[in-house]
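> return a 3D structure for these sequence lines:
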Amino acid sequence: METAELKEKLKSQIILFLNLTDLSPADIKDDEPLFGDGLGLDSIDSLELIVLLKREYGIDIKDPKEGRKVLVDVNTMVAYIQEYGKVGG
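Residues are numbered from 1 along each chain as shown. You can find the predicted model right below:
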């Protein structure tokens, strides 16, 4: 799967998993921080994103430090998925 295609898919999944119905994938910038001043997600959302990575890409993040490094922005998540995940077509 192309990087751009994976980014769009991931953005759609983030919206779906976190029930961000007021957003569209175009509203989420690739380099926008997911937490804090960026998208404004919280610690509960981070758990949901970890579930998303496990369910959709076979990535099991157990270490919170690793999670903090991965769940930075869409670019970081996509790079991690491409390196460690199972990406279908």
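> buried ones in the lowest-mean-pLDDT helix or strand in the chain?
In the chain, no helix or strand scores lower on mean pLDDT, DSSP states H and E than helix 64-70, which sits at a mean of 92. Neighbour-count burial for helix 64-70 flags Val70 (criterion: 16 or more other CB atoms under 10 Å). To be clear about C-beta, it is placed using only N, CA and C from the backbone, and glycine gets the same treatment.
> report all helices and strands that it contacts.
helix 43-57, helix 74-84 (3 or more CB pairs under 8 Å, 6 or more residues apart in numbering; DSSP states H and E).
> run through who's touching it.
Contacts of helix 64-70 from elsewhere in the structure, counted by CB atoms under 8 Å, 6 or more residues apart in numbering, are 46, 50, 53, 61, 76-77, 80.
> kindly report the same for stretch 11-19.
Outside stretch 11-19, the residues that touch it by CB under 8 Å, 6+ apart are 20-21, 23-25, 28, 34, 41, 45, 48-49, 51-52, 56, 74.
> dump the contacts of helix 64-70 to JSON lines, plus neighbour count and distance to Glu5.
Formatted as JSON lines, those follow (neighbours: other CB atoms under 10 Å; distance: CB to CB, whole Å):
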{"residue": "Ser46", "neighbour count": "18", "distance to Glu5": "24"}
{"residue": "Ile50", "neighbour count": "19", "distance to Glu5": "23"}
{"residue": "Leu53", "neighbour count": "24", "distance to Glu5": "17"}
{"residue": "Ile61", "neighbour count": "20", "distance to Glu5": "23"}
{"residue": "Thr76", "neighbour count": "16", "distance to Glu5": "17"}
{"residue": "Met77", "neighbour count": "26", "distance to Glu5": "14"}
{"residue": "Tyr80", "neighbour count": "19", "distance to Glu5": "16"}
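> good, wrapping up.
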